[in-house]
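In: generate a structure from the sequence data that follows.
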Amino acid sequence: MISQYAFNRHLIAKIKEAIHIEAKNIVTQIQSDYSQVNVKGKAESWYKYEQIAKDMLMLTVFGRGQKALIGEYGKGSKLDRDNPALEDYIDGSIFNTERLKHNFATLTRPKTSDKDEYYYDLDGVKYKKRAKKVKNLEKNGNPRFAPIEPKHIIAKAVEQRLEKLAIAIQEMIVTEVAFNKLIDGLKIKIDI
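Out: Predicted coordinates:
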């Protein structure tokens, strides 16, 4: 028989393998969902998992880019106020502070001085300011500026695959660990 330590190491390795396989499926689903978000911008997704204690693994799934953020938390007046990055966005240099007076609606960005000619989107793309005054773009009928409901794509993808992940871990333990390592060389004959 193998030692308990060796068995536990092998067990964790097989659980990590199951997590890796399902995490790739989660990221594939997220990328597919991001492609359905009808806005310009980047959208990338990835994951990492780590062993944070002897018998505890943590899977973290990330999304980055303008399209990804809008897909997650919405846009304009439908922006999710529970967005964990919202405070940093508002305090940052690219946020149009006039939006705070208009329920976060998408607004024009008037040029206020000769030094204030440009603004940047969430991906860092530079745009020239053209407006003379603040206007609510959500009211002009152009779908490009329509507010977008938050879709919480990452949370939904993880939630949808959670049961499959649990099953994959169970199967990995039963088929790979229990029979191959627990018995350690003992020949077994199974008849039906």
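
In: which SSE is immediately downstream of whichever helix in the chain runs longest?
Out: Secondary structure of the chain per DSSP state H: the longest helix is helix 4-35. Downstream of helix 4-35, the next assigned helix or strand under DSSP states H and E is strand 44-53.

In: run through the bridge partners of the closest residue to A23 other than its chain neighbours.
Out: Closest residue in space to A23, ignoring its immediate chain neighbours: Y47 at 4.3 Å, by Cβ to Cβ, 6 or more residues apart in numbering. The way it works is simple: take the backbone N, C-alpha and C, and place the C-beta from them, glycine included. Beta-bridge pairing of Y47 under DSSP bridges involves V61.

In: need the contact list for the residue nearest to the spatial centre of the chain.
Out: Centroid-nearest residue in the chain: G63, 3.4 Å away (criterion: Cα atoms, centre = their mean). Residues in contact with G63, defined by Cβ atoms under 8 Å, 6 or more residues apart in numbering, are 30, 34, 43-45, 69, 71-72, 153-154.

In: mark which of the residues you listed are buried, thanks.
Out: Neighbour-count burial (16 or more other Cβ atoms under 10 Å) applied to the contacts of G63 gives 30, 34, 43, 45, 69, 71-72, 153-154.

In: would you mark the buried spots in the longest helix of the chain?
Out: For helix 4-35, burial by neighbour count (16+ other Cβ under 10 Å) applies to 7, 10-12, 14-16, 18-19, 22-23, 26-27, 29-31, 33-34.

In: how near is the spatially closest residue to the residue nearest to the centre of the chain that is not a sequence neighbour to H152?
Out: Nearest residue to G63, sequence neighbours excluded (Cβ to Cβ, 6+ apart): S45, at 5.0 Å. As for S45, its distance to H152 is 13 Å (criterion: Cβ to Cβ, to the nearest Å).

In: got it, and E171?
Out: Counting by Cβ to Cβ - E171 and H152 are separated by 29 Å.

In: what ranges does this protein have for its strands?
Out: For the chain, the strands defined by DSSP state E cover 44-53, 56-64, 118-120, 126-128.

In: possible to save these as TSV with distance to K139 and mean pLDDT?
Out: What follows is those, written out as TSV (distance: least, Cβ to Cβ, whole Å; pLDDT from 0 to 100):
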stretch	distance to K139	mean pLDDT
strand 44-53	32	91
strand 56-64	29	91
strand 118-120	20	92
strand 126-128	20	93
